[in-house]
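S.K.: Need a 3D model of the following:
(one chain, ligands or ions: 1)
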Amino acid sequence: MLRNLLSLLLLIVVCNGGLAQLRSSVNWKARWIEAANADAAMRAAQCFQKNFETGKKIKSATLYITSRGLYEAHINGMRVGDAYLTPGWTSYRKRLQYQQYDVTTMLKKGGNTIDVTIGDGWYRGHIGFDGQKNYYGDKTALLCQLEIIYSNNERTVIISDGSWKAAQTPVLSSDLYNGETIDARVHLQNWTSVKEAAYGFDNLIPTENEPIRKHETFKPVKILTTPKGEKVIDFGQNLSGWVIVKASGHAGSTITIQHAEVLDKEGNFYTANLRSAKATATYILAGEGEETFEPHFTFYGFRYIKVEGYPGELKPENFTAVALYSDMEPTGTFECSNSLLNQLQHNIQWGQRGNFLDVPTDCPQRDERLGWTGDAQAFFRTAAYNFNVNDFFRKWMKDVEADQLANGVITSVVPDVLNGFGGSSGWADVATIIPWQQYEIYGDAATLAAQYSMMKKWVDYIQLQSKNDLWQSGFHFGDWLSYRPGNDDGTEAVTDKFLIAQCFWAHSTQNLINAAKVLGKADDVRSYEAMLSRIKAAFMKEYVTPNGRLMSNTQTAYVLALHFDMLPEDRRAVAAGFLADNIKLYRNHLTTGFLGTPYLCHVLSRFGYNDVAYTLLVQETFPSWLYPVKMGATTIWERWDGIKPDGSFQTPVMNSFNHYAYGAIGDWMYRNIAGIQSLEPGYKKIRIQPLPGGGLTWAKGSYKCGYGTIVSEWHIQNNKLTLTVEIPAGTNAEVYVPTADGKLLEKKDVGPGRYTFGE
Ligand code: BGC
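M.R.: Numbering: from 1, shown residues only. This next block holds a predicted model:
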């Protein structure tokens, strides 16, 4: 009851404010502090310190802390918590998270010390791709409050204020793109005073999602010398994180470690695709026996490191790569009889791990690592199968809303560090796509209600841009990175950007209508439904020929028109036929970019071309999902041909080897190969409908929804298919049992339990 009341209250707070959210519940007595001698040029991480006494036995102690920059706190020499890159990344000016830690066991009776070191991070390090830094401010600052309750219930509070002192730390510089330099010879000394800064508390919010933590570790799989004579270590997996290094040497000896995703054709270390990001760790030894180094305020996207200046031989035991990412709960598994598809699934999941560091980023290695909205919407459904991303996206979508411009434009990257640049179809539509899909998957109407005004403002903005119900203005990225072979044979698969815009306008409007229905907004349902039919009618007139061909005869054009129901029922089969023809024209290859790819196989399966969907999925030559797998990829590439068949690279200007967007096929693999689908919001009702094909003899998927784990597993033997399903308590399912050749054998309605069906 109390919980219901609270969520009702939350709903009211959220709905009333539009942008409003639960603000800080801490009664902040603390002051923001910065080093008294701080200036924009001082790049070394500063340590802030306070010594204090506790007289009595402590019942509980809680630390509330945040920073302008990234912080790491220690109490009596012990690290506070196991979160990294805190306080995380949000649209700092409007929303800055603080964290709360139970530090009861870290305090002792008598003298205590709290130290907090702050590095540049997103706040004032390099961010964005034009060399900009200091986006949010040019000085780091700390805010913290330690609340102690003694066993006699007396309370005391230690706050950051002018009484603290500051000193330079061994972290001489730290930057997300460029890496970190640590000089172990530097000891905290020469303490200087701090000054209180006038920043307020209005933008402070409690942490909303799982923190970034350390996860898998990797030992070197190979230590090699390249043809150029570079000493290189291969960890076997492209990941985001860093390498923990052990070394013993003379004081002042300097180890440099560069990070790279790939080796070039000749086998040399390749960093051109990191663009200006130096991605370098520099460690200067104190010379006091074995020393262990790892960074604090950066991360690298890499599989290989190049080591210079290491004292002695490179031995595997002295190098450990560790993956860092938001601590989302794993929820999905997928495997099948095709080992290349299993590697694809592996690559998709690692693409997600490597790019979910508090914000869904495009890539983790070059001077970018931004929350590109188009990439996030394309990958969302797949992401939600692999991990529980409910809190992760609830938090990020609040930043999407916080950065929404007054006229309704949604920015291209969130948090916005490109000064309000936005409004592209397929990118800005994140404002409606993720909220609606999030509702379908997690079934939380309060979240949808909180997002509704953002959704509506975006759709209303488009309408204002339109003329005669056509959206044909403004900047659009289009079907980003679609097939463009760069020769003159006329096979470039370029889709008209305004055709795409019209489709996404309709899609966003449909999502808004869906949300309005759930939230009981009948007037909105009526007016946006009327608008939607005008959008579709205008589409038919402008972009469809009398014979049903689209003005852009590309896969993406047909895919978007069909997936978003732009065509009347009686015109869809013909369009699907043109799509299938087009795929044949490219000898069973896809040509889609970021916007068409997520829906391609869905459309094929929906309109009777499941076999063609499988043909595309198991295609091993460029362009295809399995081509990078065949080329040794361990994550999803930004481009279909990041490495060309002859081993040369695509342009270093844009060639990430860890970019999840094309991993959006994962959604189809869970949904159509394993056949696990949500029929009612939050999987209250489930559909199990595997569609066999592609020569697979078995497949197995599982998904942990809010009720428990759903399993669907099928095997084909002697041309007969057996399907086993598990349905968790509290749900029920429609099970469509297929035959080995993909026809419907029978449909069963089942409740919770484990069942086996078959021919
Ligand atoms: C990013 C993309 C992004 C795009 C905008 C690129 O630089 O890496 O993934 O969506 O810009 O089109």
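S.K.: What sits closest to residue 574 if chain neighbours are left out?
M.R.: Leaving out its chain neighbours, the residue that sits closest to residue 574 by C-beta to C-beta, 6 or more residues apart in numbering is residue 548, at 4.0 Å. C-beta here means a position set from N, CA and C on the backbone, and glycine is covered the same way.
S.K.: State the number of residues packed around residue 178.
M.R.: A count of nearby residues for residue 178, using other C-beta atoms under 10 Å, gives 19.
S.K.: The one 4 residues further on now?
M.R.: For residue 182, the neighbour count with other C-beta under 10 Å is 24.
S.K.: Check what pLDDT it gets.
M.R.: Note on residue 182: pLDDT of 98.
S.K.: which residues does it bridge with?
M.R.: Counting by DSSP bridges, residue 182 forms beta bridges with residue 171, residue 283.
S.K.: list the contacts for it?
M.R.: By C-beta atoms under 8 Å, 6 or more residues apart in numbering, the residues touching residue 182 are 170-172, 281-284, 293, 295.
S.K.: Could you export those as JSON lines, including distance to residue 56, pLDDT and neighbour count?
M.R.: Formatted as JSON lines, these follow (distance: C-beta to C-beta, whole Å; pLDDT from 0 to 100; neighbours: other C-beta atoms under 10 Å):
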{"residue": "170", "distance to residue 56": "35", "pLDDT": "97", "neighbour count": "21"}
{"residue": "171", "distance to residue 56": "36", "pLDDT": "98", "neighbour count": "25"}
{"residue": "172", "distance to residue 56": "41", "pLDDT": "97", "neighbour count": "16"}
{"residue": "281", "distance to residue 56": "44", "pLDDT": "98", "neighbour count": "24"}
{"residue": "282", "distance to residue 56": "46", "pLDDT": "98", "neighbour count": "21"}
{"residue": "283", "distance to residue 56": "43", "pLDDT": "98", "neighbour count": "25"}
{"residue": "284", "distance to residue 56": "43", "pLDDT": "98", "neighbour count": "23"}
{"residue": "293", "distance to residue 56": "40", "pLDDT": "98", "neighbour count": "21"}
{"residue": "295", "distance to residue 56": "39", "pLDDT": "98", "neighbour count": "23"}
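S.K.: In stretch 637-645, which residues are buried?
M.R.: For stretch 637-645, the neighbour count (16 or more other C-beta atoms under 10 Å) marks 637-643 as buried.
S.K.: and this protein, which residues reach the ligand?
M.R.: Contact residues, the chain versus the ligand (C-beta under 6 Å from any ligand atom): 362-363, 368, 372, 374-375, 477, 480, 654.
S.K.: measure the residue nearest to residue 574 to residue 339 for me?
M.R.: For residue 548, the distance to residue 339 equals 40 Å [C-beta to C-beta, to the nearest Å].
S.K.: Please apply the same query to residue 151.
M.R.: The gap separating residue 151 from residue 339 is 60 Å, by C-beta to C-beta.
S.K.: thought residue 162 was touching residue 48?
M.R.: No. Residue 162 lies out of contact with residue 48 (C-beta atoms under 8 Å); the separation is 11.4 Å.
S.K.: which helices and strands sit right next to the host helix or strand of residue 340?
M.R.: Assigned by DSSP states H and E, residue 340 belongs to helix 339-355. Judged by 3 or more C-beta pairs under 8 Å, 6 or more residues apart in numbering; DSSP states H and E, helix 339-355 is in contact with strand 231-247, strand 319-326, strand 332-336, helix 373-386, helix 610-618, helix 626-630, helix 665-668.
S.K.: Now do the buried residues in it.
M.R.: If you call a residue buried by 16+ other C-beta under 10 Å, then helix 339-355 has these buried ones: 341, 343-355.
S.K.: Quick one: name whatever helix or strand follows it.
M.R.: Next helix or strand after helix 339-355 toward the C-terminus (DSSP H and E): strand 356-357.
S.K.: mean confidence score for that following strand?
M.R.: Rounded mean pLDDT across strand 356-357 is 98.
S.K.: circling back to that earlier point, for residue 310, state which of the buried residues of helix 339-355 is nearest.
M.R.: Comparing the buried residues of helix 339-355 against residue 310 with C-beta to C-beta places residue 354 closest, at 25.7 Å.
S.K.: pLDDT score assigned to the residue nearest to the closest one when sequence neighbours are not counted?
M.R.: The shortest distance from residue 354 to any non-neighbouring residue, by C-beta to C-beta, 6+ apart, is to residue 240 (4.1 Å). What the model reports as pLDDT for residue 240 is 98.
S.K.: Tell me the secondary structure at the closest residue to residue 163 other than its chain neighbours.
M.R.: Distances taken as C-beta to C-beta, 6+ apart put residue 50 closest to residue 163, at 7.0 Å, once the chain neighbours are dropped. Following DSSP: H, G, I helix; E, B strand; the rest coil, the label given to residue 50 is strand.
S.K.: hang on, isn't residue 50 packed against residue 166?
M.R.: No. Contact criterion C-beta under 8 Å: residue 50 and residue 166 do not qualify, at 10.5 Å.
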